[in-house]
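Undergrad: sequence and predicted structure below; questions after.
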Amino acid sequence: MRILSGIQPSGVLHIGNYFGMMRPAIALQSEGEAFYFIADYHALTSVRDPTTLRENIHRVALDFLACGLDPERAALFRQSDVAQVTELAWILSTVTPMGLLERSHSYKDKLARGMLPSVGLFNYPVLMAADILIYDSDIVPVGKDQKQHIEITRDLAVKMNETFGQIFKLPEPRIHTATEVVPGIDGQKMSKSYGNNIDIFGDEREMRKRVTSIVTDSIPVEAPKDPSRSTIFQLYSLFASKNEIAEMRERFQKGGTGYGDFKKQLFEKLWGYFAPMRKRREEILADKSYIDNVLARGARRADKIANQVMQRVRNAVGLR
Ligand code: ADP
Ligand code: TRP
């Protein structure tokens, strides 16, 4: 079984990224052949500063490794180190109906947030389909917002197979229902573009400040509170044990505890949860060539498979 996923180096990683994509991807690395990449070609649709892009790529690699990605099992690589993927994206784009991309939620959301409608942004799902198909991927762990992109990928694979004969496998999304949408400090989906994120490796003061800023209602301290409507409780449930969750639920329902106290409890849990990863991160940082070596090794493994699949594609469409 081949597992593949990617993440854009378009900013600092937050706990929505962690629970939606990174943790599931890390958990799957022992269940098959895993390929995880840093989607730098995709990030060009929003990052226009080369220094920032380079720093972000390095940082995503660092954070992913610190969170438990094991480069002995999973290949971690830069998307652009396997440049054949852009060739496949072109070939796929020749069978892609405009209407399929016009229906993309992610494209419409990005325009609504003020991004300029470039051809690259419009074509984003085609490059993503190429990412997935070029590695003969079986399983793609992602957050719920990427589901439609996997559906588009399957549509394009079917279209290619119908037109040119059996070339591609049909990949399946793997979406964790318990963590499909991690809320941000305002209760909306956590996203760096909404500015409501809690970062995985923010410093202590920053993380405490973010947790303290979680939006709550104005129910007084003494009164019972509804845990299911509380972002504090939802976030705490991601980190705490069953017993700890049950205990917090009871204290919500009983009344007598203010949101400030619950926030403190959430912060302690969060800070403690990522402590071993912060330590690992320092170790990786101390080894100057570690990340470059990991990425180079990952790229070699990925390149080998991509070359094989591209031979198949070129033969099938008549380019060879
Ligand atoms: P952002 O919304 O902050 O820009 P990305 O779109 O780069 O995040 O998402 C990277 C990965 O993390 C994707 O697989 C996405 O589904 C997942 N993800 C992002 N935010 C969340 C969230 N709030 N809950 C669950 N998964 C998320
Ligand atoms: N679009 C994904 C995101 O924004 C990143 C991505 C690019 C990806 N190519 C992929 C994810 C291939 C999974 C598979 O998060």
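TA: Here it is on my side, so go on. Ligands and ions are numbered 1, 2, ... in the order given.

Undergrad: tell me if I'm right that residue 285 and residue 61 touch.
TA: No - between residue 285 and residue 61 there is no contact under CB atoms under 8 Å: 11.4 Å. From N, CA and C alone the C-beta is placed, and that goes for glycine too.

Undergrad: more neighbours: which of these two?
TA: residue 61 (26 against 12; other CB atoms under 10 Å).

Undergrad: look up how far ligand 2 lies from the more buried one.
TA: Separation of residue 61 from ligand 2 (CB to the nearest ligand atom, to the nearest Å): 15 Å.

Undergrad: that residue: helix or strand, and which one exactly?
TA: Element membership of residue 61, judged by DSSP states H and E, is helix 50-66.

Undergrad: now for that helix, which elements pack on it?
TA: Packed against helix 50-66, as judged by 3 or more CB pairs under 8 Å, 6 or more residues apart in numbering; DSSP states H and E, are the following elements: strand 33-38, helix 40-43, strand 75-78, helix 275-286, helix 290-317.

Undergrad: repeat that with 10 Å
TA: On a contact count with 3 or more CB pairs under 10 Å, 6 or more residues apart in numbering; DSSP states H and E, helix 50-66 meets strand 2-7, helix 15-17, strand 33-38, helix 40-43, strand 75-78, helix 275-286, helix 290-317.

Undergrad: what sits up against the second one?
TA: Contact with helix 15-17 is made by 7-8, 11, 22-23, 60, 63-64, 67, 143, 145, 179, 181-184, 189-192, 194, 196-200, 202, 207, 210, 235, 238-239, 270, 273-274, as judged by CB atoms under 10 Å, 6 or more residues apart in numbering.

Undergrad: residue farthest from the centroid of this protein?
TA: Taking CA atoms, centre = their mean, the residue of the chain most remote from its mean C-alpha position is residue 222, at 39.7 Å.

Undergrad: pLDDT value on the residue nearest to it when sequence neighbours are not counted, please?
TA: Closest residue to residue 222 apart from its sequence neighbours, by CB to CB, 6 or more residues apart in numbering: residue 255 at 5.4 Å. For residue 255, the model assigns a pLDDT of 95.

Undergrad: residue 255 reaches residue 223, doesn't it?
TA: Yes - using CB atoms under 10 Å, residue 255 is in contact with residue 223, at 5.0 Å.

Undergrad: which one of those two has more residues nearby?
TA: The residue with more neighbours, out of residue 255 and residue 223 and counting by other CB under 10 Å, is residue 255; that gives 14 against 8.

Undergrad: for residue 221, see how far away that one is.
TA: 8 Å (CB to CB, to the nearest Å).

Undergrad: again, but for residue 25
TA: Relative to residue 221, residue 25 is positioned 41 Å away (CB to CB).

Undergrad: and the two? which has more neighbours close in?
TA: Shown here are residue 25 and residue 221; by other CB under 10 Å, residue 25 has more neighbours (27 against 12).

Undergrad: domain boundaries for the protein, per the record?
TA: Following automatic domain parsing, the chain resolves into domains at 2-181+288-317, 202-273.

Undergrad: ligand 1 is nearest to which of the ones you listed?
TA: Among the domains of the chain, domain 2-181+288-317 comes nearest to ligand 1, with 1.8 Å by CB to the nearest ligand atom.

Undergrad: how far does the closest one sit from the chain's center?
TA: Computed by CA atoms, centre = their mean, to the nearest Å, the chain-centroid distance of domain 2-181+288-317 equals 10 Å.

Undergrad: right, is that domain up against ligand 1?
TA: Yes - against ligand 1, domain 2-181+288-317 shows contacts by CB under 6 Å from any ligand atom at 7-8, 16-17, 19-21, 142-143, 145-146, 179-181.

Undergrad: end to end, how far does that domain reach?
TA: Length of domain 2-181+288-317, first residue to last, CA to CA, to the nearest Å: 25 Å.

Undergrad: so who does the residue lying closest to residue 189 once chain neighbours are set aside touch?
TA: Excluding the flanking residues, the one nearest residue 189 by CB to CB, 6+ apart is residue 181, at 5.2 Å. By CB under 10 Å, 6+ apart, the contact list for residue 181 reads 16, 19-20, 143-145, 188-190, 234.

Undergrad: ok, back up a step: quick one: the residues of domain 2-181+288-317 next to ligand 1 as a markdown table, columns for distance to ligand 2 and secondary structure too.
TA: Output for the residues of domain 2-181+288-317 next to ligand 1, formatted as a markdown table (distance: CB to the nearest ligand atom, whole Å; DSSP: H, G, I helix; E, B strand; the rest coil):
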| residue | distance to ligand 2 | secondary structure |
| --- | --- | --- |
| 7 | 6 | strand |
| 8 | 5 | coil |
| 16 | 11 | helix |
| 17 | 8 | helix |
| 19 | 14 | helix |
| 20 | 9 | helix |
| 21 | 7 | helix |
| 142 | 5 | coil |
| 143 | 7 | coil |
| 145 | 8 | helix |
| 146 | 5 | helix |
| 179 | 15 | helix |
| 180 | 13 | coil |
| 181 | 14 | coil |
